[in-house]
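[1] Structure for this input, please:
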Amino acid sequence: MVDPVLIGIVVVVLGFVFATYLFVRRIATGFSQGMREGKRGG
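    I've put the predicted structure just below:
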């Protein structure tokens, strides 16, 4: 029998990791686009 508390902890951790991944990826893409536009403008 699987402990429902353990399932809840795993779900929360996975959700946190996924949200962090999306957040970091958005920052990285925005940063790279800004660098490209800065080089083009310079």
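[2] So G38, which state does it fall into?
    Under DSSP: H, G, I helix; E, B strand; the rest coil, G38 falls in the helix class.
[3] so how many other residues sit close to it?
    9 (other Cβ atoms under 10 Å). Just so you know, the C-beta spots here come from the backbone N, C-alpha and C atoms, and that holds for glycine as well.
[4] mind checking how far it is from M1?
    57 Å (Cβ to Cβ, to the nearest Å).
[5] Work out which residue lies at the spatial centre of this protein.
    Most central in the chain under Cα atoms, centre = their mean is Y21, positioned 1.8 Å from the mean C-alpha point.
[6] How far does the helix or strand harbouring that residue sit from its chain's centre?
    Using DSSP states H and E, Y21 sits within helix 4-41. Helix 4-41 sits 2 Å away from the centroid of its parent chain (Cα atoms, centre = their mean, to the nearest Å).
[7] mind saving the C-alpha coords of stretch 5-22 as PDB?
    Only the C-alpha atoms of stretch 5-22 are listed here, as PDB (Å, rounded to 0.1, in the frame of the first residue of the first chain):
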ATOM      1  CA  VAL A   5       1.200  11.600   2.200                       C
ATOM      2  CA  LEU A   6       4.300  10.400   0.300                       C
ATOM      3  CA  ILE A   7       2.300  10.800  -3.000                       C
ATOM      4  CA  GLY A   8       1.400  14.400  -2.000                       C
ATOM      5  CA  ILE A   9       5.000  15.200  -1.200                       C
ATOM      6  CA  VAL A  10       6.200  13.800  -4.600                       C
ATOM      7  CA  VAL A  11       3.500  15.800  -6.400                       C
ATOM      8  CA  VAL A  12       4.400  19.000  -4.700                       C
ATOM      9  CA  VAL A  13       8.100  18.500  -5.400                       C
ATOM     10  CA  LEU A  14       7.500  17.700  -9.100                       C
ATOM     11  CA  GLY A  15       5.200  20.700  -9.400                       C
ATOM     12  CA  PHE A  16       7.900  22.900  -7.800                       C
ATOM     13  CA  VAL A  17      10.600  21.600 -10.100                       C
ATOM     14  CA  PHE A  18       8.400  22.000 -13.200                       C
ATOM     15  CA  ALA A  19       7.500  25.600 -12.300                       C
ATOM     16  CA  THR A  20      11.200  26.400 -11.600                       C
ATOM     17  CA  TYR A  21      12.100  24.900 -15.000                       C
ATOM     18  CA  LEU A  22       9.500  27.100 -16.800                       C
END
